[in-house]
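Colleague: model this:
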Amino acid sequence: MSDLTIRSLRKTYGDAVALDDVSIRLAEGEFVSLLGPSGCGKTTTLRSVAGFVQPDSGEILLGGAPLTGQPPHRRNIGVVFQSYALFPHMTVAGNVAFGLKMRDLKRVEIAERVARALDLVGLGALGARYPSELSGGQQQRVALARALVIEPRVLLLDEPLSNLDARLRGEMRDEIKAVTDRIGMTTLFVTHDQAEALAMSDRVAVMRDGRILEVAPPEDLVERPHMAFTAQFLGGRTVLPGRVTEGAGGPVFRLEDGPDLPLPDQAAQGRPTHVVLRAARLRLGDGGDGGTVLPVTVERAVFLGDTRQIDVRSGAARIRVHVPAERAAPRTGEAAHLIIPDGALRYVREAPVQ
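Modeller: Presented below is the predicted three-dimensional model:
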């Protein structure tokens, strides 16, 4: 079994807390991303699994067997780093074979496994080249082949796409996911890029300040976040603070220096501290087609290619709307109506309920 369990990891550096009770389980063959800003503990978690960092407390289990305390070379874990870390004096085949030679395998078996690994990443014809003769995307494929050739039980990816341009990032993202799916590899992926995490993962774990805030499949995380930080970090939405109060017809959510918004009884019971409005779900119109309608003032309009980003203001609340690019851009200072369709409001908390 290649299920991976991380349980109650804690790591400090002096007074700085890098990991604070980090726990998550990856099922066999599952692709899970650790997503969050720089310094949130993503890489420290990954390096703890790899054995490069020794946590102060907690445990790491692979297939139910403890890894904590074992040196990296005995964990049978493949790692792909942000920098490709290829040996420039070795050929592509030599780089991929390095880990196998350290395991004292026979020459024939090494050659067979290197050939299979290079074919897996689409570089079967480039084994005799040197890293300097490859593109960035090809070098990253070599790094992936080197990690997979040892037939690891778990694959760790530490921001492996961050050194590539936008086009190559998209291509490598798809290729890595295709390869890991094809061989059923349990994979832990570290990234600060929301699009990468959402496109590649079976589940995404959002981290902040050394803790995992929430874990969910990508669609659930986008459509139904529980934390204000998650909604803000994923982008493409407005997250506004407020409080639950009584209105004329029942509980409402009162924005700070802004209007009241409808609040279902179930949402009110969760003691929300913020409301989330997805820019793609909102509309600007004449107020005659249902939903919650707020009078707003246009602050700016930005052309983004397929869409226009319209920033509007209602009281002190500033809200972002995405509309089709073919629509004429409203003028700054123009009065408009913001239409919030039924079900487009999501109420969340600043922190988990204690």
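Colleague: And stretch 120-132, what's buried?
Modeller: By 16 or more other CB atoms under 10 Å, the buried positions in stretch 120-132 come out as 120-121, 123, 126-127, 130-131. Every residue, glycine included, has its C-beta placed from N, CA and C.
Colleague: and that stretch, how far apart are its ends?
Modeller: 21 Å (CA to CA, to the nearest Å).
Colleague: That stretch - what's its average pLDDT?
Modeller: For stretch 120-132, mean pLDDT rounds to 92.
Colleague: Give me the contact list for it.
Modeller: With CB atoms under 8 Å, 6 or more residues apart in numbering as the test, stretch 120-132 has contacts from 84, 86-93, 95-96, 114-115, 118, 134, 138-139, 141-142, 144-145, 148, 175, 179, 182-183.
Colleague: cool, and stretch 43-56?
Modeller: The contact list for stretch 43-56 (CB under 8 Å, 6+ apart) reads 4, 6, 9-12, 18-19, 22, 34, 60, 67-72, 75, 77, 79, 154, 156, 158-159, 188, 190, 207, 210.
Colleague: now Gly210: how far from Thr5?
Modeller: For Gly210, the distance to Thr5 (CB to CB, to the nearest Å) stands at 19 Å.
Colleague: These two: which is more packed in?
Modeller: Ranked by neighbour count (other CB atoms under 10 Å), Gly210 and Thr5 place Gly210 first, with 23 against 16.
Colleague: I'd assumed Leu19 was in contact with the more buried one.
Modeller: Yes: in this structure, Gly210 is within contact of Leu19 by CB atoms under 8 Å, at 5.0 Å.
Colleague: Quickly list what's touching both of the two.
Modeller: Any residue near both Gly210 and Leu19 by CB under 8 Å, 6+ apart counts here, and that gives 11, 41, 44.
Colleague: By neighbours, which of those residues wins?
Modeller: Gly41 (24 neighbours).
Colleague: Next up, the contacts around that one.
Modeller: Neighbouring residues of Gly41 by CB under 8 Å, 6+ apart: 18-20, 22, 207, 209-211.
Colleague: Now do it, the pLDDT please.
Modeller: As predicted, Gly41 sits at a pLDDT of 96.
Colleague: would you list every one of the helices in the stretch 251-354 of the chain?
Modeller: In the stretch 251-354 of the chain, helices defined by DSSP state H, counting those that start in this stretch lie at 265-269, listed in chain order.
Colleague: So, low pLDDT: which residues of it?
Modeller: Low-confidence segments of the stretch 251-354 of the chain, defined by pLDDT under 70: 286-290, 351-354.
Colleague: just so I have it, where are all the strands in it?
Modeller: Using DSSP state E, counting those that start in this stretch, the strands of the stretch 251-354 of the chain run over 260-262, 274-278, 283-285, 292-303, 307-314, 317-324, 335-340, 345-348.
Colleague: CSV for the ones you listed, including mean neighbour count and distance to Leu100?
Modeller: Formatted as CSV, those follow (neighbours: other CB atoms under 10 Å; distance: least, CB to CB, whole Å):
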stretch, mean neighbour count, distance to Leu100
strand 260-262, 17, 60
strand 274-278, 22, 49
strand 283-285, 16, 58
strand 292-303, 16, 52
strand 307-314, 19, 49
strand 317-324, 19, 50
strand 335-340, 19, 58
strand 345-348, 21, 49
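Colleague: how about TSV for those strands, with distance to Pro218 added?
Modeller: Converted to TSV, these look like this (distance: least, CB to CB, whole Å):
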stretch	distance to Pro218
strand 260-262	26
strand 274-278	15
strand 283-285	25
strand 292-303	26
strand 307-314	21
strand 317-324	19
strand 335-340	24
strand 345-348	16
